[in-house]
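J.: Sequence and computational prediction follow.
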Amino acid sequence: MRDALIVVATVFVVAWFLPPYALGLLALIGIYALVTLGLNLFMGYAGQVSLGQAAFVALGAYTTATLGLRAHLTAWLGLVAGAAVAAGAAYAVSFVALRLRETYLALATLAFGIIVGVALNELDYFGGSSGLKDIPGLTFGAWHFDVRAYAIASWTVLALGLWFAGNLVRSGYGRALIAISSGELGAATLGVDPERMKREAFVLSAAYAGIAGGLYACYFSYIDSTSFGFLLSVNFVLMSVLGGLRSLWGAVVGAGLVVLLGQALQYVVPLVLPSARGDVQSFFFGAILIAMLILLPQGIAGRFRTLGRA
Amino acid sequence: MIGEIWQYVLAGVAVGAIYALVAAGFVLVYQVRGLINFAQGEFAMVGAMTVATLGAANVPLVAAAALAVLVSALVGGFSYVLAIRPARNANSVTLIFITLGLSVAIRGAALYVWGTNPQSVPAFSSGTAVVIFGGVLSPQTPWVLAADALVFGGLYLFLLHTRLGTALRAAVANPPVARSFGIPLDAFGFWSFVAAAAIGGLGGVVIAPITTASYDMGLSLGLGGFVAAVLGGLDSLPGALAGGFLLGILEKVSGGLISTGWEQGAGFILLILVLVARPQGLFGRAVRRA
């Protein structure tokens, strides 16, 4: 609770001194950190794997956008509905996907992500390949959120998410999740129901991703299916691994580093390699992901925790 | 209507033959190292881009193709040494993440070397299109099928009729016992990666005239090859061949009848059905219950 309040207070103060460009990055980091936080609960604590997390972000974003555009519902309700739709989809998928383990679970979630992407791209109701534009954003009375308000809003939601997840993992429930990751059979003999708990962690991670998707749609006011492809799912895995899979603050560290590093590389790469065109910096993300997994598999936040204990 | 579907089937044969080649790489690496290599499609991209570059520099086709396969094999070898061997004790999910990183890194490097523009490659033979029962087969398709025959025939002869192939099968069947007989498991891991990369590279070389070569072609080739491998069964090379053709034909038929956007979707829907109903794939042996 205290940590969450400190985060909100800090962002609230800092946000008044930052230029719009930095505020935009801050908002994006908050949104991505929220997705990564959910992913850490499912992958880091429950020991599962998802290569389709971007699909839940897409479902949240499209739900919020469609309700705003077609039902003229306030975006605040749209956010809640987006989380609900993403969670519902995860609940339905879990009966198929969570019967599978490790490699096969990775394949099933990957397949789910691609099918959602194709469906959104092909259904004209959701704008087809040209996407949805002029999505109504968040409002407070008659006042429309600006980039500063979005930065504060996304970090407030993130702080709530951190607070909830923190209580979860420090409870018996969290210890049961960790028990599942070290062996389902062993967990079951201790009275834990692995199937139910894996499902709940999966649904929770999808709800986090769904809210993040809704915020994304409101903030950018434009979405199309290519914004939520397989490569975004891989990016979430990178954020998760970089920060530390089994840590909550790691999600914030990972999302922050990936977004800031992306910006820095976009600036530095053309200076060092003048002939480089396009998204060359992705090379460094791939290399960083490999190096982290080999050298520091517990992630940056995980590393600091170990040092603090020693 | 029937004629139209027949035409889609023939179009699917060429794509399916490539998926089968990429799938053969997946199966080889999965069998020997127990990991799904998400960078497999990037090896095909490296082969296609190299042959396009050499072709533009007027290198004769045979030499360009051989060099392209060699370059892919080198990329595969370096990938194993730099990324896979240092993590040999990691669990299967970590290894998946590592190969994902590998594919992102190779794609980024290719973007730097070759840029974003797709490069066209002329067909290997300038003959007219072959007509079978009223359907047209592109003149490049026989070349693709020949590459399949070469790779799958070669693997069959190697695995079943050579001493080294027998040792490899022993290493797959029971690693600890194989090691006690002096079979070098790590060297087999390395060479399986090199061979998978060379096979993928050959796939890229023969598909380049059909699809053109671009730095981002590896993702869809890799995903297709990997769906084909799981469909056929990750432990079955004949399954990879059958899975490749099945997927290629399914994609083109559903793409033609519904819309091209659903090509990829149809393959992944089939993948989910197979994972649920028969996770070991159509040709694989039942997996052990964990």
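T.: That came in fine, so what should we check first? Residues are numbered from 1 along each chain as shown, chains lettered A, B, ... in the order given.

J.: can you pull the contacts of whichever residue of the stretch 51-200 of chain A sits closest to chain B?
T.: Nearest residue of the stretch 51-200 of chain A to chain B: A:V118, at 3.5 Å (Cβ to the nearest Cβ). (Glycine included, C-beta is placed from N, CA and C.) Taking Cβ atoms under 8 Å, 6 or more residues apart in numbering or on different chains, we find A:V118 in contact with A:225, B:261-262, B:264-265, B:268.

J.: will you turn the residues you listed into a markdown table that also has pLDDT?
T.: Shown next, in a markdown table, are the contacts of A:V118 (pLDDT from 0 to 100):
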| residue | pLDDT |
| --- | --- |
| A:S225 | 84 |
| B:G261 | 77 |
| B:W262 | 82 |
| B:Q264 | 80 |
| B:G265 | 84 |
| B:F268 | 87 |
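
J.: Just the closest of the residues you listed to B:A123, please.
T.: B:Q264 (25.1 Å; Cβ to Cβ).

J.: Residues of the stretch 101-250 of chain A that sit close to chain B?
T.: Where the stretch 101-250 of chain A comes near chain B, counting by Cβ under 8 Å from any Cβ of the partner chain, the residues are A:101-104, A:106-108, A:111-112, A:114-115, A:118-119, A:121-122, A:129, A:230-231, A:234, A:237-238, A:241.

J.: change it to 6 Å
T.: Residues of the stretch 101-250 of chain A that fall close to chain B, judged by Cβ under 6 Å from any Cβ of the partner chain: A:102-104, A:106, A:108, A:111, A:114-115, A:118, A:121-122, A:234, A:237.

J.: ok, those vs A:S181, which is closest?
T.: When those are ranked by distance to A:S181 (Cβ to Cβ), A:E102 comes first, at 11.5 Å.

J.: Kindly list the main-chain dihedrals of the nearest residue to B:P118 once chain neighbours are set aside?
T.: For B:P118, ignoring the flanking residues on the chain, the nearest one in space by Cβ to Cβ, 6 or more residues apart in numbering or on different chains is B:S214 at 3.9 Å. When read as degrees, to the nearest 10, the backbone of B:S214 gives phi -150, psi 160.

J.: quick one: B:S214 and chain A, what's the gap?
T.: Between B:S214 and chain A the computed distance is 11 Å (Cβ to the nearest Cβ, to the nearest Å).

J.: Which residues of the stretch 101-250 of chain B lie near chain A?
T.: So the stretch 101-250 of chain B meets chain A at B:101, B:104-105, B:108-109, B:111-112, B:115-116 (Cβ under 6 Å from any Cβ).

J.: Just the ones in helices from those, please.
T.: Applying DSSP state H to those, the entries found in helices are B:101, B:104-105, B:108-109, B:111-112.

J.: mind putting the residues of the stretch 101-250 of chain B next to chain A in JSON lines, neighbour count included?
T.: Listed next are these as JSON lines, based on neighbours: other Cβ atoms under 10 Å in any protein chain shown:
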{"residue": "B:G101", "neighbour count": "27"}
{"residue": "B:V104", "neighbour count": "28"}
{"residue": "B:A105", "neighbour count": "24"}
{"residue": "B:G108", "neighbour count": "23"}
{"residue": "B:A109", "neighbour count": "19"}
{"residue": "B:L111", "neighbour count": "21"}
{"residue": "B:Y112", "neighbour count": "18"}
{"residue": "B:G115", "neighbour count": "16"}
{"residue": "B:T116", "neighbour count": "11"}
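
J.: which two from these end up farthest apart in space?
T.: Largest separation among those by Cβ to Cβ: B:G101 and B:G115, giving 22.6 Å.

J.: mind listing what the residue nearest the centre of chain A touches?
T.: For chain A, A:V35 is the residue whose C-alpha lies nearest the centre (Cα atoms, centre = their mean; 1.3 Å). Applying Cβ atoms under 6 Å, 6 or more residues apart in numbering or on different chains, one finds that A:V35 lies in contact with A:57, A:209, A:212, A:236.

J.: Poorly predicted segments of the stretch 201-310 of chain A, please.
T.: Low-confidence regions of the stretch 201-310 of chain A, defined by pLDDT under 70, span residues A:276-278, A:305-310.

J.: Which parts of it are helices?
T.: Taking DSSP state H, counting those that start in this stretch, the helices of the stretch 201-310 of chain A run over residues A:230-243, A:249-272, A:282-295, A:299-309.

J.: Select, out of those, the one closest to A:A142.
T.: When the helices of the stretch 201-310 of chain A are compared by Cβ to Cβ, helix A:249-272 sits nearest A:A142, at 31.8 Å.

J.: Counting neighbours, which bits of the closest one end up buried?
T.: A:249-259, A:261-262, A:265, A:269 (16 or more other Cβ atoms under 10 Å in any protein chain shown).

J.: closest to chain B among the residues you listed?
T.: Checking the buried residues of helix A:249-272 one by one against chain B (Cβ to the nearest Cβ), the nearest turns out to be A:V269, at 8.8 Å.

J.: show me the contacts for B:A197.
T.: With contact set as Cβ under 6 Å, 6+ apart, B:A197 has these partners: B:43, B:72-73, B:75-76.

J.: Let me know the closest of those to B:G203.
T.: Nearest to B:G203 among these, with distances taken as Cβ to Cβ, is B:F43, at 8.3 Å.

J.: okay but that closest one is in contact with B:V71, surely?
T.: No - counting by Cβ atoms under 6 Å, B:F43 does not reach B:V71; the two are 9.6 Å apart.

J.: Between those two, which has more neighbouring residues?
T.: With neighbours defined as other Cβ atoms under 10 Å in any protein chain shown, B:F43 and B:V71 compare such that B:F43 has more, 35 against 21.

J.: which residues sit in contact with that one?
T.: So B:F43 contacts B:72, B:76, B:197, B:200-201 (Cβ under 6 Å, 6+ apart).

J.: Could you export those residues to JSON lines, including columns for pLDDT and secondary structure?
T.: JSON lines is the format used below for the contacts of B:F43 (pLDDT from 0 to 100; DSSP: H, G, I helix; E, B strand; the rest coil):
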{"residue": "B:S72", "pLDDT": "95", "secondary structure": "helix"}
{"residue": "B:G76", "pLDDT": "94", "secondary structure": "helix"}
{"residue": "B:A197", "pLDDT": "95", "secondary structure": "helix"}
{"residue": "B:G200", "pLDDT": "93", "secondary structure": "helix"}
{"residue": "B:G201", "pLDDT": "94", "secondary structure": "helix"}
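
J.: which among those residues end up buried?
T.: B:72, B:76, B:197, B:200-201.

J.: Now distance to B:Y30 too, for those, in TSV please.
T.: As requested, the buried ones among the contacts of B:F43 are arranged in TSV below (distance: Cβ to Cβ, whole Å):
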residue	distance to B:Y30
B:S72	19
B:G76	15
B:A197	14
B:G200	14
B:G201	19
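
J.: which residues of chain A fall in strands?
T.: A:132-133, A:139-140, A:143-144, A:222-223 (DSSP state E).

J.: Give me the sheet partners of the third one and which way each runs.
T.: Strand A:143-144 sits in its sheet next to strand A:139-140 (antiparallel), going by DSSP bridges.

J.: and the strand it pairs with, how far out from the chain's middle?
T.: Distance of strand A:139-140 from its chain centroid, counting by Cα atoms, centre = their mean, to the nearest Å, is 24 Å.

J.: Using PDB, write out the CA atom coordinates for stretch A:48-63.
T.: The C-alpha coordinates for stretch A:48-63 follow below in PDB (Å, rounded to 0.1, in the frame of the first residue of the first chain):
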ATOM      1  CA  GLN A  48       3.700 -21.000 -16.900                       C
ATOM      2  CA  VAL A  49       4.400 -19.300 -20.300                       C
ATOM      3  CA  SER A  50       2.400 -17.100 -22.600                       C
ATOM      4  CA  LEU A  51       3.500 -16.000 -26.000                       C
ATOM      5  CA  GLY A  52       0.100 -14.400 -26.800                       C
ATOM      6  CA  GLN A  53      -0.200 -11.700 -24.200                       C
ATOM      7  CA  ALA A  54      -0.500  -9.000 -26.900                       C
ATOM      8  CA  ALA A  55      -3.900 -10.600 -27.900                       C
ATOM      9  CA  PHE A  56      -5.400  -9.700 -24.500                       C
ATOM     10  CA  VAL A  57      -4.100  -6.100 -24.900                       C
ATOM     11  CA  ALA A  58      -5.800  -6.100 -28.300                       C
ATOM     12  CA  LEU A  59      -9.100  -7.400 -26.900                       C
ATOM     13  CA  GLY A  60      -9.100  -4.700 -24.200                       C
ATOM     14  CA  ALA A  61      -8.200  -2.000 -26.700                       C
ATOM     15  CA  TYR A  62     -10.800  -3.000 -29.200                       C
ATOM     16  CA  THR A  63     -13.500  -3.400 -26.500                       C
END
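
J.: Alright, I will stop here.
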